[in-house]
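>>> Just the structure for this:
(one chain, ligands or ions: 1)
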Amino acid sequence: MTPSPDSIRPATGRLGILTPGLGAVATTFIAGVESIRRGLSKPIGSLTQMSTIRLGQRTQKRSPLIRDFVPLAGLDDIVFGAWDPIPDDAYASAKNAGVLEDAHLEPLKEFLQSIKPMPAVFDQHYVTRIHGTHVKTGKNKRDLAEQLRQDIRNFKAQHKCDRLVAVWCGSTEIFIEPSAVHATIESFEKGMADNHPDIAPSMLYAWACIMEGVPYNNGAPNLAVDTPALQALALREGVPISGKDFKTGQTWMKTVIAPALKARMLGLAGWYSTNILGNRDGEVLDDPASFKTKEASKLSVLHTILQPEMYPDLYEGFSHVVRINYYPPRGDNKEGWDNIDIVGWMGYPMQIKVNFLCRDSILAAPIVLDLALFSDLAHRAGMKGIQEWLSFYYKSPMAGAGLHPEHDLFIQQTKLKNTLRHLMGEEQITHLGLEYYP
Ligand SMILES: NC(=O)c1ccc[n+]([C@@H]2O[C@H](COP(=O)([O-])OP(=O)(O)OC[C@H]3O[C@@H](n4cnc5c(N)ncnc54)[C@H](O)[C@@H]3O)[C@@H](O)[C@H]2O)c1
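Numbering: from 1, shown residues only. I've put the predicted structure just below:
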């Protein structure tokens, strides 16, 4: 169905945002939204709250805020829910994560303490470094997924929500290749009943959410919804899905610098990226099986942007290395170094060095908010399946079968804004400057 402004259901009532995972990212997101609602902070980093969108011709000077242009849920209408195998409430978890300072956390203490995680579907086989105690039991994976569905229904009723969306903020699971069990809805559902080892907890959350009509956004590089079975289910149930892996620090920079090199037809000999990171995510990624999932997500970016098969003289055989080192003293304040060996006129080598001292969860939190609000909009607009226009937010964007994902940040931004224009019946912006060429 082609969306039109009149066919978008209004954002009335409450929107519940559910996060599997109540760790550093989820608590920074929740605390930030509450702080903004109380007028104590500004929603810095969020397109839904701060960005404008140009409409029509430049001479018309129409540039409303996105949130005034498309019907999004208001921050005051949001309620939060989560699952986690660690029973800490959002305040205890935020204290443990150490992202936010007491000056920001203490005024929100009571509110954050009221957010207690539901018992998780968790299995240490898939995340070896977490020792979960707050965990569901059931006779098989299907049973566990049905318990998640019941949680979703209970949460909706208890908090009087009109709609729900989910954003996976749980740990990165071990690397799993798509296989026959992920091929169809039937094979997947049979696999759940048979406790198939290639069905990870994140997939059970995804299945449960889609079955309950809850858009599912995947902030980690785990497959989760990125399988033919769950994509088919999302289409059948009319539910938007998006993923994978929030694009926050080093990869965000890659998707800015690599398009710049390509735009100027400069070559690349190699790109070496290394990080030190000391939070729980860093500890989980210290396990080689979880790191492999992350590495696959980080490595795909450059090839897709640079297209060595189309530009062999510039990009054939470049070396790309990504390292993450767990280094506890840094906590959430990651430091990344990139050494980029580039090639110019007559083959002369040059180097670019990037030293990014970022805060992982501070960069991720506004992405969680935007994904939640935009996927809710998509659902109300009747959009379903993979939401490629949300690729902007992901390191490893999902794309339809046989299609290459788009990695270039500026093409992704254009796609996002043009989708919003299309939804609201406005013309796409082509940057042709037609006012000069009647
Ligand atoms: N912060 C960033 O910049 C960034 C960027 C890209 C992706 N990510 C991904 O986002 C996720 C969250 O990051 P974080 O820094 O908050 O990590 P974190 O370790 O602080 O929090 C993850 C939480 O998920 C919980 N968890 C693990 N398995 C679960 C399950 N089956 N069900 C429910 N909860 C489960 C853990 O107990 C933990 O509390 C990670 O997968 C990370 O790789 C983060």
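>>> Give me the mean pLDDT for stretch 231-243.
Averaged over stretch 231-243, pLDDT sits at 98.
>>> got it, and stretch 328-346?
For stretch 328-346, mean pLDDT is 93.
>>> and it, how far apart are its ends?
45 Å (Cα to Cα, to the nearest Å).
>>> May I ask you to confirm that residue 423 is in contact with residue 8?
Yes. Residue 423 is in contact with residue 8 according to Cβ atoms under 8 Å; the separation is 6.9 Å. Placement of C-beta: from N, CA and C, glycine included.
>>> Comparing the two, which residue is more hemmed in?
residue 423 (24 against 19; other Cβ atoms under 10 Å).
>>> May I have the predicted confidence score for the more buried one?
On pLDDT, residue 423 comes in at 96.
>>> What of residue 119?
At residue 119, the predicted lDDT confidence score is 98.
>>> Angles on the backbone of it, please.
phi -60, psi 140 (degrees, to the nearest 10).
>>> Mind checking the pLDDT average for whichever strand or helix holds residue 210?
Secondary-structure assignment from DSSP states H and E places residue 210 in helix 201-211. Confidence for helix 201-211, expressed as mean pLDDT, is 98.
>>> So what touches it?
Outside helix 201-211, the residues that touch it by Cβ atoms under 8 Å, 6 or more residues apart in numbering are 18, 20, 83, 120-123, 126, 141, 144-146, 148-149, 152, 166, 168, 170, 173, 182, 188, 192, 215-216, 218, 220, 222-225, 227, 230, 233-234, 237, 239, 241.
>>> Helix, strand or coil: sort out residue 323 for me.
Under the three-state scheme (DSSP: H, G, I helix; E, B strand; the rest coil), the conformation of residue 323 reads as strand.
>>> Not counting sequence-adjacent ones, nearest residue to it?
With Cβ to Cβ, 6 or more residues apart in numbering as the measure, residue 274 is the residue that lies nearest to residue 323, at 4.2 Å, once sequence neighbours are left out.
>>> buried set for the strand or helix carrying the one you found?
Remark: residue 274 resides in strand 267-277, with elements defined by DSSP H and E. For strand 267-277, the neighbour count (16 or more other Cβ atoms under 10 Å) marks 267, 268, 269, 271, 273, 275, 276, 277 as buried.
>>> And for stretch 276-290?
Residues of stretch 276-290 classed as buried: 276-287, 289-290 (neighbour count, 16+ other Cβ under 10 Å).
>>> still on that earlier bit, the helix holding residue 210 near the ligand anywhere?
Yes. Judged by Cβ under 6 Å from any ligand atom, helix 201-211 comes into contact with the ligand through residue 201.
>>> Name every strand pairing with the next helix or strand after that helix and say which way it goes.
The first helix or strand that comes after helix 201-211 along the chain, using DSSP H and E, is strand 216-218. Strand 216-218 has its sheet partners listed here by DSSP bridges as strand 161-168 (parallel), strand 240-243 (parallel).
>>> and the very next helix or strand once past the shortest one, what other elements does it pack with?
Put plainly, it is strand 240-243. The first helix or strand that comes after strand 240-243 along the chain, using DSSP H and E, is helix 250-263. Identification of packing neighbours for helix 250-263 by 3 or more Cβ pairs under 8 Å, 6 or more residues apart in numbering; DSSP states H and E yields strand 267-277, helix 288-306, strand 335-343, strand 349-357, helix 409-423.
>>> Near the ligand, which residues of the protein are found?
For the chain, the contact set with the ligand under Cβ under 6 Å from any ligand atom comprises 20-26, 83-86, 97, 120-122, 127, 130, 169-172, 201, 219-220, 245-246, 248, 279-281, 284, 360-361, 363-364.
>>> Contacts for the helix or strand following the strand holding residue 274, please.
Toward the C-terminus, strand 267-277 is succeeded by helix 280-285 as the next helix or strand (DSSP H and E). By Cβ under 8 Å, 6+ apart, the surrounding residues in contact with helix 280-285 are 23-24, 96-97, 127, 129-130, 171-172, 277, 290-291, 294, 324, 326-328, 334, 360.
>>> Drop anything exposed from those residues.
Among these, those that count as buried by neighbour count (16+ other Cβ under 10 Å) are 23-24, 97, 127, 129-130, 171-172, 277, 290-291, 294, 324, 326, 334, 360.
>>> re earlier: where among the helices and strands packed on helix 250-263 is average confidence lowest?
helix 288-306 (a mean of 81).
>>> how is this protein carved up into domains?
According to automatic domain parsing, the chain comprises the domains 5-246+361-423, 252-357.
>>> deepest of the ones you listed, which one?
domain 5-246+361-423 (a mean of 20; mean count of other Cβ atoms under 10 Å).
>>> Endpoint to endpoint, that domain covers what distance?
Criterion Cα to Cα; first-to-last residue distance in domain 5-246+361-423 is 6 Å.
>>> Stretch 58-78 now?
Across stretch 58-78, the straight-line distance between its terminal residues is 35 Å, by Cα to Cα.
>>> Confirm that residue 22 sits in a helix.
No. Assessed by three-state DSSP, residue 22 does not belong to a helix; its assignment is coil.
>>> Strand partners (parallel or antiparallel) of the strand holding residue 274?
Looking at strand 267-277 with DSSP bridges, its partner strands are strand 319-326 (parallel), strand 335-343 (antiparallel).
>>> Can you add distance to residue 376 and give those strands back as TSV?
Formatted as TSV, those follow (distance: least, Cβ to Cβ, whole Å):
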stretch	distance to residue 376
strand 319-326	32
strand 335-343	32
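>>> quick revisit: show me how far the helix holding residue 210 is from its chain's centre.
Relative to its chain's centre, helix 201-211 lies at 16 Å (Cα atoms, centre = their mean, to the nearest Å).
>>> Number the chain from 645, please
With 645 as the first residue, the last one maps to helix 845-855.
>>> Using PDB, write out the CA atom coordinates for it.
What follows is the C-alpha trace of helix 845-855 in PDB, where atoms were taken according to Å, rounded to 0.1, in the frame of the first residue of the first chain:
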ATOM      1  CA  PRO A 845      17.200 -15.700  22.400                       C
ATOM      2  CA  SER A 846      17.200 -12.500  20.300                       C
ATOM      3  CA  MET A 847      15.200 -14.400  17.600                       C
ATOM      4  CA  LEU A 848      12.600 -15.500  20.200                       C
ATOM      5  CA  TYR A 849      12.100 -11.800  21.200                       C
ATOM      6  CA  ALA A 850      11.800 -10.900  17.500                       C
ATOM      7  CA  TRP A 851       9.300 -13.600  16.800                       C
ATOM      8  CA  ALA A 852       7.200 -12.700  19.900                       C
ATOM      9  CA  CYS A 853       7.200  -9.000  19.100                       C
ATOM     10  CA  ILE A 854       6.200  -9.500  15.500                       C
ATOM     11  CA  MET A 855       3.400 -12.000  16.500                       C
END
